[in-house]
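Q: sequence-free structure coming up:
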Ligand code: HEM
Ligand SMILES: [Cu+2]
């Protein structure tokens, strides 16, 4: 950001706060985007440190590092923090930074709401973690220890870490609903002239569908945790069989949110990745309309398949068949997406800069997550694999590539020159990628094998036969953890200096965001851009 833009801003508005106040009261989508991304990264390291303690415990059979109670708190907080603290805010940060720029808008439609959506997050994160820290200090009952799914009746009986978690979930959910409203209003109202819905970048489609999904599902979770709070403190028995309630009702409510949630994590990236693949293949995106319709189909289907998480909770044969086939149906639009991505780089003139490496890595690893998901969608096989490490490996192949490799790495590297005005260090970027590729697979391939061999999940100790694979998995996890520090180094370096980036930082890059200087000025489009034949 240059001094002239600030003066230009001041001349027609009121004063411009500096220092901490600037960040506290900012309504600028770039400031807010930056804060979201930093928050997400801090949460990634926090959740990561917690799971490294778990992997340290699982390095050898027997109990060495953490007590079983603490183990349960660690996996619970890891799951909650990764999903709500790291993955979703990373995507929202991207939306804030890039959505106005790719559709040619000066800012998000509701800037003050935007500020509020962000500032709800840090207190929520504190609420989530504080009982855990107090517990370590010997105060109270510790953090929630139910697993991130918070299954009743365990969550009804849990200590007061659960109440903090319920409150935190309310706040996190509120934040994402507000952010979603903002995304929808921005896309509907603020596109540059000439940009119809069917010419809008896939980036915007991904976020639009995600935002609609979130508004659909988050209130259901909010209702669910409110019922849980009532059960815990106000004498209701929604989930208590002794009082006429039903614990499985909780599972329905949770997974009605929880399953679409994985598509909330996927869809923004499904919108981002085609931009990157097309740029580094120097070819137009293949099958634009097919991709949009597939994303719509995925979003629609995602809300009618939730009970595939509940095959082992007891379900009628008819229910099992319905949820099995409806789940498998999602493979079709997903396969269309993969087909389009592959066709985009097919016979392109490909170069493998870091963003492209991460985009391709995403396609391969996430594809593996999808294929192993089909195994779990099979109601008969799921009985064997659901509560084994196979499931843990599967959902990490779905959930790590999406927010971390897609949003935090591929997209951040791709747009970093636009954000900072500098090129990042390509060799360190590549090192980051290969550490992720090796660390990630070394962590989770052994977990598939452990699952097939029958090692249960969420247990701090295991039989001797599982020793070697667990050791490998733990080594992989520490490599993966180290990779994130390399990433931090690259980003900090690029923010502080380096080779100047041109306005079109990548030769194959298309889109309105590349028509403005790098770094993008504080107010991107002082004059409304025209969307036409040369800009897509
Ligand atoms: C950074 C590398 C990561 C490693 C090494 C890792 C490892 C693990 C391990 C060992 C577990 C415990 C499994 C068990 O015993 O039940 C776990 C659970 C979980 N992880 Fe990760 N994870 C990583 C990243 C992520 C990310 C990025 C997400 C989501 C965006 C995520 C979401 C979850 C969830 C939802 C659970 C389930 C918690 C539960 O069972 O309640 N993880 N992870
Ligand atoms: Cu699901």
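A: That came through fine. Treat the numbers as computed from the prediction; the structure is a model and nothing was measured. Ligands and ions are numbered 1, 2, ... in the order given.

Q: apart from its neighbours in sequence, what residue is nearest the residue of the stretch 301-450 of the chain found nearest ligand 1?
A: Ligand 1 sits closest to residue 399 of the stretch 301-450 of the chain, with a gap of 3.9 Å, by Cβ to the nearest ligand atom. For every residue, glycine as well, the C-beta is placed using N, CA and C. In space, and not counting its chain neighbours, residue 399 is closest to residue 265: 6.3 Å by Cβ to Cβ, 6 or more residues apart in numbering.

Q: what kind of secondary structure is that neighbour in?
A: helix (DSSP: H, G, I helix; E, B strand; the rest coil).

Q: shouldn't it be in contact with residue 403?
A: Yes. Using Cβ atoms under 8 Å, residue 265 makes contact with residue 403 at a distance of 5.5 Å.

Q: more neighbours: which of these two?
A: Neighbour count, other Cβ atoms under 10 Å: between residue 265 and residue 403, residue 403 has more, with 25 against 22.

Q: measure that one to residue 83 for me?
A: The gap separating residue 403 from residue 83 is 9 Å, by Cβ to Cβ, to the nearest Å.

Q: hey, what's in contact with both of the two?
A: Shared contacts of residue 403 and residue 83 (Cβ atoms under 8 Å, 6 or more residues apart in numbering): residue 265.

Q: excluding chain neighbours, what is closest to the most centrally placed residue in the chain?
A: Nearest to the geometric centre of the chain sits residue 87, at 2.5 Å (Cα atoms, centre = their mean). Leaving aside its chain neighbours, residue 87 sits nearest to residue 403 (3.5 Å; criterion: Cβ to Cβ, 6+ apart).

Q: gap between that neighbour and residue 379?
A: 29 Å.

Q: report the contact partners of the closest residue to residue 244 other than its chain neighbours.
A: The shortest distance from residue 244 to any non-neighbouring residue, by Cβ to Cβ, 6+ apart, is to residue 237 (5.8 Å). Contacts here follow Cβ under 8 Å, 6+ apart; on that basis residue 237 touches 231, 243, 244, 245.

Q: and the furthest pair within those residues?
A: 231 and 244 (11.9 Å; Cβ to Cβ).

Q: pick out whichever of those two has more residues nearby.
A: Taking other Cβ under 10 Å, residue 231 and residue 244 do not tie; residue 231 has more neighbours (22 against 8).

Q: packing partners of the helix or strand hosting the more buried one?
A: Under the criterion of DSSP states H and E, residue 231 resides in helix 202-233. Helix 202-233 is packed against helix 88-103, helix 154-157, helix 161-189, helix 247-281, helix 288-302, with contacts defined by 3 or more Cβ pairs under 8 Å, 6 or more residues apart in numbering; DSSP states H and E.

Q: tell me what angle it forms with helix 161-189.
A: 150 degrees (axes from the mean of the first three to the mean of the last three Cα atoms, to 10 degrees).

Q: checking the residue nearest to residue 87 next. Helix, strand or coil?
A: Secondary structure state of residue 403, per three-state DSSP, is helix.

Q: quick one, what contacts it?
A: Residue 403 neighbours (Cβ under 8 Å, 6+ apart): 40, 86, 87, 88, 90, 91, 265, 269.

Q: give me that answer again for 6 Å
A: 87, 90, 265 (Cβ atoms under 6 Å, 6 or more residues apart in numbering).

Q: so for it, what pLDDT did the model give?
A: Confidence at residue 403, expressed as pLDDT, is 92.

Q: and for residue 349?
A: With respect to pLDDT, residue 349 has a value of 94.

Q: please shift the residue numbers so they start at 47 in all later answers.
A: All right, first residue 47 from here; so that's residue 395.

Q: distance of the closest residue to it other than its chain neighbours from ligand 1?
A: Using Cβ to Cβ, 6+ apart and skipping residues adjacent in sequence, the residue nearest residue 395 is residue 328, 4.9 Å away. Applying Cβ to the nearest ligand atom, to the nearest Å, the value for residue 328 to ligand 1 is 31 Å.

Q: for residue 328, phi and psi?
A: Torsion angles at residue 328 (phi, psi; degrees, to the nearest 10) stand at phi 50, psi 50.

Q: swap in residue 508?
A: phi -150, psi 170.

Q: need the residues of the stretch 247-396 of the chain near ligand 1, please.
A: Within the stretch 247-396 of the chain, not a single residue sits near ligand 1 (Cβ under 6 Å from any ligand atom).

Q: tell me which residue of the stretch 247-396 of the chain lies closest to ligand 1.
A: Closest contact between the stretch 247-396 of the chain and ligand 1, by Cβ to the nearest ligand atom, is at residue 311 (6.3 Å).
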